[in-house]
Structure formats: C-alpha cells, structure tokens
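# sequence and computational prediction follow.
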Amino acid sequence: MKISNDIELLDGLPIAYIQSLEMLVCTDLHLGYEGAMSKNGMLLPKANLKNILASIDEAIKLTGAKHLLVDGDIKNEFSGVEVEEFNELYDFIHFISQKGLSLTLIKGNHDNFVERYKSAFSFEVYRQQHRYGNYLFFHGEEMPQSLGDASMLIMGHEHPAITVYTSAGKAERVRCFLIGSYKGRGLMVLPAMSYYSPGTPVNVVPKEELLAPMFKHVKVDDMTAIAVGYGSTINFGKIGMLRRAIENRRSP
C-alpha cells in the first residue's frame with residue numbers, strides 16, 4: 001500500500017519501504033524477550049527472532065532493498081545486554097549482512113550498551129534521532145531535538161494497535177501504522193516488530209495514557225490507522241471514528 005509517492009507499506013508486514021533511500025524501516029524488535037521472560041518463570045516458544053527474520057526476508061524479496069533501519073529497541077533489557085540478547089543480536093546482524101543490507105539503529109530506551117558492538121558488527125548507531133534525506137527517524141520516548149528541513153517524521157516506541165470487532169462479535173487487537181502530521185510535516189508511527197507485542201489499542205486507551213510524548217502534541221483522533229495482519233494491510237480510517245465505534249458498541 002502506497003501512502004506517498006516514496007513510501008510503501010508492505011502487505012501484511014510491520015515494515016515500511018522508502019523507495020528513494022532503498023531502505024526498509026521497522027522498530028521495536030525486542031530481541032532476547034523470551035530469555036528475559038524465562039528468568040521471571042514464564043517459558044515462551046522461541047518465536048520472536050524467527051518471525052522477524054522471516055518478515056524481513058519477505059520484505060527484501062518484495063523490494064530489493066539495500067538498507068535496513070531499526071527505529072529503536074532492537075533489544076529488550078534496559079540495564080545491559082543479556083546473553084540471549086547478544087546471541088540473537090549476532091544472529092540478526094549476521095542474517096542482515098548475508099542478505100547484503102547495511103544496518104542502522106536509532107537507539108531506543110531499551111538499547112543501552114549497544115554501541116560497544118557497533119564496530120565488531122559493522123552497523124551504524126545514532127542516539128534518539130537521525131535524518132536521511134527528507135526523513136527524520138527518532139524512536140519516540142523523547143521529542144525530536146531538531147526537525148531541520150525534514151518533510152516526514154518516522155517513529156516507534158508506542159507499539160500502536162487498534163481494537164476491532166469480528167463478524168462474530170469478538171474483540172480483537174490488530175497492530176497498525178499511524179499516519180498523521182506534526183507542525184506541517186508528515187508523521188508515521190510504526191507498529192512493533194516483536195512477535196510478543198500485541199500493541200496499545202489507541203482507539204481505546206485515552207490520549208493522556210499513551211507513552212510517547214509526541215501524542216501530547218498531535219490530534220490522535222485525526223490520525224489514520226493502517227492495520228497489519230493476516231497477510232494484509234488495510235486502511236481502517238481515522239482513530240476518532242474507530243473510537244466512537246467502540247464507545248457506541250459499549251453503550252447500553
């Protein structure tokens with residue numbers, strides 16, 4: 001699905017492709033998640049990295065991309081780099097290298113100590129934000145420090161999703177891209193890549209409870225939700241409309 005002449009959302013994948021940069025963009029991988037959960041007594045199948053690599057492989061085949069940008073939170077733990085994270089980070093970067101892509105990481109709040117591996121693994125790391133061409137990439141737990149002449153802002157962090165109802169009346173949460181604007185520039189919020197992150201239902205959660213400070217400065221209900229799931233990417237319209245649909249359904 002094209003959202004501009006230069007940006008394509010790949011069907012069924014939480015990945016954007018920027019044609020002019022030959023770049024795939026994704027966010028919030030949270031590598032090492034299952035290992036962290038096992039330390040808390042919760043055993044989960046090793047599904048996260050496997051699903052991430054399969055999605056990126058499909059995206060490469062669809063686009064022929066030459067670059068990959070991870071817009072924050074490539075790993076899961078705050079305080080360091082756990083063994084599971086290091087192993088998965090190594091496997092992830094090796095896979096990207098084998099596919100012939102360069103890798104850039106915009107540091108997120110989970111990405112402490114990643115810089116120590118950038119030389120050994122040959123990838124670029126930027127704190128919080130970096131601009132390529134007309135695009136400003138930032139993770140999102142902080143507001144961007146400078147917009148420059150960027151025409152489009154791209155962020156992660158929030159793990160956006162929407163709650164919808166199936167024909168059988170069952171509520172279901174679906175990850176989504178959010179498309180809007182900020183100070184006359186385009187704004188795109190990416191869904192999380194993590195297999196174990198269903199996301200925050202932005203048409204249910206009040207604006208004041210959303211994590212990213214950006215949402216204090218934009219009209220969330222005016223943003224467009226483009227949902228990703230079941231092999232499809234579908235425009236669900238404005239968040240405000242989806243919020244009213246939920247409220248009407250819950251009204252007596």
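Arrived safely, thanks for sending.
# for the rest of this, base every contact and every neighbour count on C-alpha atoms.
Fine.
# from residue 22, how far out is residue 149?
Between residue 149 and residue 22 the distance is 20 Å, computed by Cα to Cα, to the nearest Å.
# pull the longest strand from this protein.
In the chain, assigned by DSSP state E, the strand with the most residues is strand 171-182.
# residue 149 and residue 22 - which one has more neighbours?
For the pair residue 149 and residue 22, the greater number of neighbours falls to residue 22 (15 against 12), based on other Cα atoms under 10 Å.
# for residue 16, see how far away the more buried one is.
Distance, residue 22 to residue 16, using Cα to Cα: 11 Å.
# ok, residue 98 next?
21 Å.
# those two: which is more packed in?
residue 16 (24 against 9).
# in contact with that one, which residues?
7-10, 24-26 (Cα atoms under 8 Å, 6 or more residues apart in numbering).
# so which of those are in strands?
Judged by DSSP E, these include 7-9, 24-26 as members of strands.
# so which of those residues is the closest to residue 230?
Closest approach between these and residue 230, by Cα to Cα: residue 9, at 14.5 Å.
# so what sits opposite the closest one in the bridge?
For residue 9, the beta-bridge partners under DSSP bridges are residue 16.
# number of residues surrounding it?
Using other Cα under 10 Å, residue 9 has 23 neighbouring residues.
# right, and it touches residue 18 too?
No: look at residue 9 against residue 18 with Cα atoms under 8 Å: they stay out of range, at 9.0 Å.
# any idea where the helices of this protein begin and end?
Per DSSP state H, the chain carries helices over the ranges 33-39, 48-63, 83-98, 118-121, 239-250.
# where in the stretch 1-150 of the chain is pLDDT low?
For the stretch 1-150 of the chain, residues meeting the criterion pLDDT under 70 lie at 76-82, 109-121.
# can you do 50?
Within the stretch 1-150 of the chain, the segments meeting pLDDT under 50 span 78-80.
# gap between residue 132 and residue 51?
Distance of residue 132 to residue 51, given as Cα to Cα: 27 Å.
# comparing the two, which residue is more hemmed in?
Per other Cα under 10 Å, whichever of residue 132 and residue 51 has more neighbours is residue 51, with 14 against 9.
# burial count for the closest residue to the more buried one other than its chain neighbours?
Nearest non-adjacent residue to residue 51, counting by Cα to Cα, 6 or more residues apart in numbering: residue 195, 6.8 Å away. Using other Cα under 10 Å, residue 195 has 18 neighbouring residues.
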